[in-house]
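Participant: Show me how the following folds:
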Amino acid sequence: MALLLEHYLEDPHECPYLADQVAQLDVRVMLDVTPPELGHLLERGWRRFGPVYFRPACQTCARCESLRIPVRSFAPSTSQRRARRNAARLTRTVSTPLADGERLDLYARWHAQRESQRGWDASPMDAERYLFEFAFAHPAVREVSFRDPAHDNRLVGLGIVDEVPGASSAVYFFWDPELASASLGVAHVAMLVEDAAARGLDYVYLGYRVEGCRSLEYKKRYRPHELLDGRPGGAQRAAWFRSVPAADHAPTD
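Facilitator: Predicted coordinates for the structure are as follows:
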């Protein structure tokens with residue numbers, strides 16, 4: 001059963017996604033969260049990094065929308081199928097997360113590219129922080145790694161994924177800006193849907209879609225998808241609605 005250590009509402013601050021908005025997060029620090037409890041939180045729009053659980057609580061904006069893919073009706077687009085084929089030559093492994101120099105180096109090179117190309121703020125990552133955010137011991141967490149046999153089995157992509165009853169959740173993904181296959185992040189999500197289908201899961205959660213944020217708008221291209229209605233409380237029913245009806249989907253983008 002979850003043990004709540006701290007619960008607070010952030011002070012309003014500059015939004016990291018939308019330059020014209022002020023952001024706030026509702027934050028809980030918890031230990032001993034079981035996979036079913038995490039699944040209950042995911043269904044209500046919460047996300048997790050290490051023992052920190054959060055969801056938007058912004059007073060003037062609701063453009064962060066929780067998005068999930070219904071596994072049985074997902075229809076990959078042409079570009080998503082192509083990304084999946086491009087990644088087929090890589091070795092993919094699902095295991096317990098690790099924190100080591102190889103992973104820290106991959107994160108640093110990936111983030112440096114995002115800083116250069118998209119103007120992201122610097123985000124220094126040492127072993128302690130990596131262990132806390134990405135490799136924190138949790139019964140739901142998995143690491144999905146991609147290695148390239150053509151380059152001495154070098155680590156070229158890494159995803160952190162949570163597995164809960166009936167669903168999986170893509171927490172984070174980063175890749176080698178020089179050696180990763182084209183659109184490896186796209187292939188990663190497509191493979192998560194394949195895994196979920198093989199295991200009889202219903203959904204793959206992708207976190208928040210933010211209209212107007214270049215780094216997060218890509219999520220709407222996974223079709224059809226569902227969006228959460230509002231910010232339901234723990235005892236309230238979570239209502240999700242289909243954003244792109246399957247009949248309207250044209251899998252050619």
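Participant: quick one: contacts for the closest residue to Pro36 other than its chain neighbours?
Facilitator: Among residues not flanking Pro36 along the chain, Pro165 sits closest, at 5.5 Å (Cβ to Cβ, 6 or more residues apart in numbering). Any C-beta I mention is one placed from the backbone N, CA and C, and that applies to glycine too. If you count contacts by Cβ atoms under 8 Å, 6 or more residues apart in numbering, Pro165 has them with Pro35, Pro36, Gly39.
Participant: any idea whether Arg223 is helix, strand or coil?
Facilitator: coil (DSSP: H, G, I helix; E, B strand; the rest coil).
Participant: Hmm, it is touching Ser73, no?
Facilitator: No: Arg223 is not in contact with Ser73 according to Cβ atoms under 8 Å; the separation is 9.1 Å.
Participant: neighbour count winner among those two?
Facilitator: A count of neighbours by other Cβ atoms under 10 Å puts Arg223 above the other of Arg223 and Ser73, at 22 against 14.
Participant: Would you mind measuring from that one to Ser77?
Facilitator: Distance check for Arg223 against Ser77: by Cβ to Cβ, to the nearest Å, it reads 7 Å.
Participant: Need the CA coordinates for the lengthiest strand in the chain. CSV is fine.
Facilitator: Using DSSP state E, we find that the single longest strand of the chain is strand 154-164. Coordinates of each C-alpha in strand 154-164 appear next as CSV, following Å, rounded to 0.1, in the frame of the first residue of the first chain:
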residue,chain,number,x,y,z
ARG,A,154,26.8,0.3,-28.6
LEU,A,155,23.8,1.5,-26.6
VAL,A,156,21.8,3.8,-29.0
GLY,A,157,18.4,4.2,-27.3
LEU,A,158,16.9,3.8,-23.9
GLY,A,159,13.4,3.9,-22.6
ILE,A,160,11.9,3.8,-19.1
VAL,A,161,8.5,2.1,-19.0
ASP,A,162,6.1,1.3,-16.2
GLU,A,163,4.0,-1.9,-16.4
VAL,A,164,0.7,-2.0,-14.5
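Participant: show me where the chain has helices.
Facilitator: Taking DSSP state H as the criterion, the chain carries its helices at 35-43, 78-86, 101-118, 127-133, 184-198.
Participant: Please name whichever of those helices is nearest to Leu18.
Facilitator: Of all the helices of the chain, helix 101-118 sits nearest to Leu18, with 14.0 Å by Cβ to Cβ.
Participant: Just want the angle from the closest one to strand 154-164.
Facilitator: Helix 101-118 and strand 154-164 are oriented at 90 degrees to each other (axes from the mean of the first three to the mean of the last three Cα atoms, to 10 degrees).
Participant: Now find how far off-centre helix 101-118 is within its chain.
Facilitator: 17 Å (Cα atoms, centre = their mean, to the nearest Å).
Participant: Is Pro149 in contact with Ala88, as I believe?
Facilitator: No: the pair Pro149 / Ala88 is not scored as a contact, 11.6 Å apart, by Cβ under 8 Å.
Participant: Asp195: neighbour count?
Facilitator: Asp195 has 19 neighbours, counted by other Cβ under 10 Å.
Participant: Beta-bridge partners for the closest residue to it other than its chain neighbours, please?
Facilitator: Nearest residue to Asp195, sequence neighbours excluded (Cβ to Cβ, 6+ apart): Ser168, at 7.0 Å. Note on Ser168: beta-bridge partners by DSSP bridges are Glu163, Val204.
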